[in-house]
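Chemist: sequence unknown, structure follows:
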Ligand SMILES: Nc1nc2c(ncn2[C@@H]2O[C@H](COP(=O)(O)OP(=O)(O)OP(=O)(O)O)[C@@H](O)[C@H]2O)c(=O)[nH]1
């Protein structure tokens, strides 16, 4: 029997157990020392343990120390405040041997004077929902082909980098990269080869920068690299050089040897703009300048680059 409710008669206890076993949510009852007095079938499944495993033994052998700490702290909160709490937590499932994310409610069961005697817990497994939410966020913020951050996430990262740079009086740089003559590869080798090449290009760019920097796909054959913390403009130049050189090594796709180059425009924070849009626009203008000089080079933004040409 998954309970030790000494305050109930045996017959009542059996009935009570049957009632709570019908519930699809995990239900458990604890005393003021956080000892489990009862749990239902759904709770046994959620924790991968049966009542006999827990009754009279030390629960610390089943749950990781950091989880136990939270379980006990939340129990104490309920007994101290006498009110219901609800929160998300991670619970180790002993039989699945994996962590599950659950939404737990803990409520005191009080005597006539309002003194908490027991704790009634109810918990719903939200692991799959969390994974689905995570997947939706992933899809909404990343480019499907390369797995790189997309424009939405990039804008967020630039905002954060600018905030950080303002606070710490650092520079930051936006590098606008456009592949040279990529259309020729698509047209001559086919879109599939073009797709594979874009994936490999993304890997090369990522390998060329530090982990705290961001490489994003802006769309088509355009990429943005955000250098979030620079001490001087020369550092941006060094990275641009590295990125350019990284592309010059040949790519091998389906037995084909392909060569590629890119044009890079660099805008600096705060020199060339203090906001996301301005920095992107100015790095784009600098990239066009690099392209107009034959590609395979990089240019820093200069104010005349934004002036219309006749
Ligand atoms: N394979 C593939 N091609 C893409 C994708 N997105 C955009 N493109 C192609 O990328 C090419 C970009 O061409 P353009 O912007 O004209 O530039 P370009 O040929 O690189 O020429 P320049 O920029 O002037 O050097 C076009 O052929 C697009 O169809 C994609 O997801 N996969």
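Modeler: Structure's in. What do you need? Computed from a predicted structure; not experimentally measured.

Chemist: which secondary structure element is home to the residue in the chain positioned nearest to the ligand?
Modeler: Proximity of the chain to the ligand (CB to the nearest ligand atom) peaks at residue 194, 2.5 Å away. Placement of C-beta: from N, CA and C, glycine included. For residue 194, the host element (DSSP states H and E) is helix 191-208.

Chemist: chain center to that helix: distance?
Modeler: How far helix 191-208 lies from its chain's middle: 23 Å, per CA atoms, centre = their mean, to the nearest Å.

Chemist: contacts for it next, please.
Modeler: The set of residues external to helix 191-208 that reach it, using CB atoms under 8 Å, 6 or more residues apart in numbering, is 145-148, 177, 179, 182, 185-186, 215, 217, 221, 223, 225, 239, 242-243, 246-247, 249, 251, 253-254, 256, 258, 260.

Chemist: one more time with 7 Å, if that's ok
Modeler: 145-146, 148, 179, 185-186, 215, 217, 223, 225, 242-243, 246-247, 251, 253-254, 256, 258, 260 (CB atoms under 7 Å, 6 or more residues apart in numbering).

Chemist: from those residues, keep the buried residues only.
Modeler: 146, 148, 179, 185-186, 215, 217, 223, 225, 243, 246-247, 251, 253, 258, 260 (16 or more other CB atoms under 10 Å).

Chemist: any idea of the mean pLDDT for stretch 162-178?
Modeler: Throughout stretch 162-178, pLDDT has a mean value of 95.

Chemist: can you point out the buried residues in the host helix or strand of residue 16?
Modeler: Assigning secondary structure by DSSP H and E places residue 16 in helix 10-22. By 16+ other CB under 10 Å, the buried positions in helix 10-22 come out as 13, 16-17, 20.

Chemist: now stretch 241-249: average pLDDT?
Modeler: What stretch 241-249 shows for mean pLDDT is 94.

Chemist: enumerate the residues of this protein near the ligand.
Modeler: Contact residues, the chain versus the ligand (CB under 6 Å from any ligand atom): 145, 178-183, 186, 191, 194-195, 198, 220-221, 291, 295.

Chemist: which parts of the stretch 1-150 of the chain are strands?
Modeler: In the stretch 1-150 of the chain, the strands defined using DSSP state E, counting those that start in this stretch lie at 26-30, 36-39, 85-93, 98-110, 116-125.

Chemist: who are the packing partners of the longest one?
Modeler: Taking 3 or more CB pairs under 7 Å, 6 or more residues apart in numbering; DSSP states H and E as contact, the helices and strands that strand 98-110 lies on are helix 65-81, strand 85-93, strand 116-125, helix 127-141.

Chemist: fine, thanks again, bye for now.
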